[in-house]
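Q: pasting a predicted model and its sequence here:
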Amino acid sequence: MGCGASRDPGVGRCGRPGSVGEVVVFLPGLRVPRTVDFPLALGDRLDKSTVEKLSALRARVVEMAMQESAAALKPRRRAAAARHGGSSTANLLQALEDYLPVLLGLVKGSSELRNKVQFVWANQEDDAEETSMADAWYEVLSVLHLMAMVCFLQANSLLLPRSYGDGYGPRVSEESRRATVDVFLKAAGYLDCAVNQVLLQIPPEKRRALPVDLAEGNLKALSLQGLGQGVDMQLGLAIDNPKATLAVKRRLACEMVKYWQQIKDSIPELPLSDGWAKKHTLFVKWKYAEAKAAAYYFHGLILDEGDTEKSHEMAISSLQASEEFLKESKRASEAFHSTPPTSRISTPFGTTKYLLDRIPKDTLSKLQNNQDLYTQQRTSNTGTSQTITPPPPLPDFPLALNPEEYELPKLDPLWKKEVNH
C-alpha cells in the first residue's frame, strides 16, 4: 500500500490499521489486488470478449477487496455490519469464485499466456508493501489465499457476541459456533489446495520471491489454524452437551494441542519488528497454551477417577499444569491484543469461558481434598505452591478433522472459443 500521513487516528503507518476491533480468529491482514491492464498485455493474443470478461471479473474483485480492506480500518463499522447480517464477505468470496475459472485459462491454456500479465498485490504483513509477479499461477495462489482469509473474516464475525432481543445478554449462539466449523474447514481446504496444487507450479526462484503471506510454512500454518479452531468449536459444543463424556472432551482437547503444535512448527520465522508478524506469533502462543490447559484439565479429571494414590497424584499434577498453562494463555492473549494493530478481547465463550471458570476452582479443590498425599510439595521463594511431580504425558489421539476437499474449478466455457480462435 502507498505510504503517507493519514488523518484517520485508527490508521498507523503506511495505511495499516491501528486497531482491528474484536478478534477471535486471527488473520494477518488482507492482501489486496491492484488493477491490471489485461487489454495491454493480452489484447493481441485473445479474443476481445475473453479479455473483457477477465477485466470485468478482476475489477469487481479489486473493488470489493479494497472495500473489505478499508472496513478493517474502521472496526466499529465492520462490527455493525456483522450484527446486521452484512454480506460483504460473502459477496467478495462469490466474486473470487467467479473469477477463478476464467483466470485458470491463462495457466491451463496456451503456455505463452502464463507470463504475459504482471499481477500486483498489496501486502499488509510483509515489509514490502507490494509484490509484483508475471506469473498467472501467482495470481491463482493469491486468489486462494484471499478466499481463505475471507472465510476467517466470516468466522470472526460469527463468533462475536451479539444480542438476540430475548432479555439475555449478548452471546455467541450454538448455531453460530456450529456454522464456523464448516467455515474453518472450507478455509483450510482453500489453503491446502494452494500448497499442494498451486505452489508447486511456481518455479523455485519465483517461490523465493513470494511475500511472507504466501510462504509455504505460513500457508500450512493458516490451514492448520482452521482445523485447530474448528476443534476448539467442537470442544466448546461438547462442554455444553450434558451427554458428552469426559473421554470425548479430553480427546478433542488433546487433538487441539496437536494441531497447535503443528502450527507452531510450521509457521516461518517472521520479522517480529513487523506488527502483524508479532501478533501472529502471539496468537499461536495464546491458543497453544489454552489447548494444553484444556487437555491437562480433562486428563486430570479422568485420572482423578482412579482409585489409587498414584492416579490421584498424577491427577493433581495434571490440574496444576492446566492452571499454569491457563495463566500462560492469559498472558499471551493480553500481549496479542495489545500488539499493534491493537484488538479488543471479546467476551469469553465456549472452551475459553469454561476453562477460566473451572480450572482455578477445581485445582484448588483437588489440592485441598488430597493435601495429605503431597508431603513432597514445596513452596517456592514467591510463595507459590508447586509440585515436584511432573505432569504425566497426554494421550496421543489421531487427528480427526481434515480440510474440506477443494479442487481447482474447470475452465470457463469461453476458453473453448479461444481454442478455435
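A: Looks like it came in fine.
Q: all strands of the stretch 51-200 of the chain, in order?
A: 119-122, 130-133 (DSSP state E, counting those that start in this stretch).
Q: got the contact list for the first one?
A: The contact list for strand 119-122, computed with C-beta atoms under 8 Å, 6 or more residues apart in numbering, reads 1, 31-34, 36, 129-136, 138-139, 142, 211. Every C-beta, even on glycine, is put in place using the N, C-alpha and C of the backbone.
Q: at 10 Å what do you get?
A: Defining contact as C-beta atoms under 10 Å, 6 or more residues apart in numbering, one finds that strand 119-122 is touched by 1-2, 14-15, 29-36, 41, 58, 65-66, 69, 103, 106, 128-143, 145-146, 211, 213-214.
Q: dump the strands of the stretch 51-200 of the chain into CSV; add mean neighbour count as well.
A: As requested, the strands of the stretch 51-200 of the chain are arranged in CSV below (neighbours: other C-beta atoms under 10 Å):
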stretch, mean neighbour count
strand 119-122, 22
strand 130-133, 17
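Q: for this structure, just list every one of the helices.
A: For the chain, the helices defined by DSSP state H occupy 38-42, 48-72, 75-83, 88-103, 105-108, 136-158, 174-193, 204-207, 216-240, 246-266, 275-303, 309-338, 350-369, 414-420.
Q: what about Cys254, how many residues nearby?
A: Using other C-beta atoms under 10 Å, Cys254 has 22 neighbouring residues.
Q: related to what we said a few turns ago, just put the helices of the chain in a markdown table and tack on mean pLDDT and distance to Asp396.
A: Formatted as a markdown table, the helices of the chain follow (pLDDT from 0 to 100; distance: least, C-beta to C-beta, whole Å):
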| stretch | mean pLDDT | distance to Asp396 |
| --- | --- | --- |
| helix 38-42 | 94 | 52 |
| helix 48-72 | 91 | 39 |
| helix 75-83 | 50 | 38 |
| helix 88-103 | 96 | 36 |
| helix 105-108 | 92 | 41 |
| helix 136-158 | 96 | 28 |
| helix 174-193 | 97 | 22 |
| helix 204-207 | 95 | 34 |
| helix 216-240 | 97 | 15 |
| helix 246-266 | 97 | 7 |
| helix 275-303 | 94 | 11 |
| helix 309-338 | 94 | 15 |
| helix 350-369 | 89 | 20 |
| helix 414-420 | 72 | 48 |
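Q: between these, which one is closest to Glu404.
A: helix 174-193 (3.8 Å; C-beta to C-beta).
Q: ok and that closest one relative to helix 350-369, angle-wise?
A: Interaxial angle, helix 174-193 versus helix 350-369 (axes from the mean of the first three to the mean of the last three C-alpha atoms, to 10 degrees): 110 degrees.
Q: by contact count, what packs against helix 174-193?
A: Here helix 174-193 touches helix 88-103, helix 136-158, helix 216-240, going by 3 or more C-beta pairs under 10 Å, 6 or more residues apart in numbering; DSSP states H and E.
Q: run the angle between it and helix 216-240 for me.
A: 160 degrees.
Q: could I get the buried residue list for helix 174-193?
A: Neighbour-count burial for helix 174-193 flags 176-177, 179-181, 183-193 (criterion: 16 or more other C-beta atoms under 10 Å).
Q: residues in contact with stretch 322-335: which ones?
A: 253, 257, 278-279, 281-301, 345, 348, 352, 355-356, 358-360, 362-364, 367, 384, 386, 391.
Q: filter those to the buried ones?
A: When these are checked against 16+ other C-beta under 10 Å, the ones flagged as buried are 253, 257, 278-279, 281-301, 348, 352, 355, 359, 362-363, 367, 391.
Q: before we move on, back to that, worst mean pLDDT among the strands of the stretch 51-200 of the chain?
A: Ranked by mean pLDDT, the strands of the stretch 51-200 of the chain end with strand 130-133 in last place, scoring a mean of 91.
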